[in-house]
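Chemist: return a 3D structure for these sequence lines:
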Amino acid sequence: MAELFSAAWANRFGEEWNKEAKLSGELAKIGFNSTIGYGFDGEPTPRAYIKVENGRVVASGAYAGEALNWDLRASPESWKKWAESGIGMMALGMAYTTRKLKFQVGDYMAMIKDPRMAGPFIESFNVMGRA
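Modeler: Next comes the predicted model:
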């Protein structure tokens with residue numbers, strides 16, 4: 001696994017995202033388009049980003065000021081844990097309510113209430129472990 005949130009990691013994450021039908025395939029069904037940043041809590045900007053069009057990652061790499069629809073932050077330890085073992089719906093809710101997972105940009109409540117987005121969001125944590 002490349003260093004978490006490095007440019008190499010972001011590129012590999014994008015490749016793995018596109019291979020996973022539970023993620024890219026499901027998001028394609030709803031025409032999901034977003035630019036998503038990933039980084040560590042307490043830092044001024046995310047470290048990596050992916051750009052998703054119709055469910056598929058079309059660009060990725062080190063964050064360089066791209067406009068974000070989502071900006072997800074957590075501690076390095078939390079990201080490592082989730083990348084290694086994934087996260088379930090209950091654990092995701094706990095991570096959000098205890099502020100272990102922060103949405104600097106994006107509406108967690110709107111996303112989690114839409115099963116067409118919630119399932120793929122959970123799956124993205126499994127895919128992180130393959131990057």
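
Chemist: send the alpha carbons of the helix or strand bottoming out on mean pLDDT in the chain over as PDB?
Modeler: The weakest-scoring helix or strand in the chain, judged by mean pLDDT, DSSP states H and E, is helix 108-112 (a mean of 85). This file holds the C-alpha atoms of helix 108-112, laid out as PDB (Å, rounded to 0.1, in the frame of the first residue of the first chain):
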ATOM      1  CA  TYR A 108     -23.200  13.700   5.800                       C
ATOM      2  CA  MET A 109     -26.800  13.600   6.800                       C
ATOM      3  CA  ALA A 110     -28.200  13.900   3.300                       C
ATOM      4  CA  MET A 111     -25.700  11.300   2.000                       C
ATOM      5  CA  ILE A 112     -26.400   8.700   4.700                       C
END
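
Chemist: and Glu16, how many neighbours?
Modeler: 19 (other Cβ atoms under 10 Å). For the C-beta atoms, the positions are set from N, CA and C on the backbone; glycine is no exception.

Chemist: check it and give its pLDDT.
Modeler: Looking at Glu16, its pLDDT is 97.
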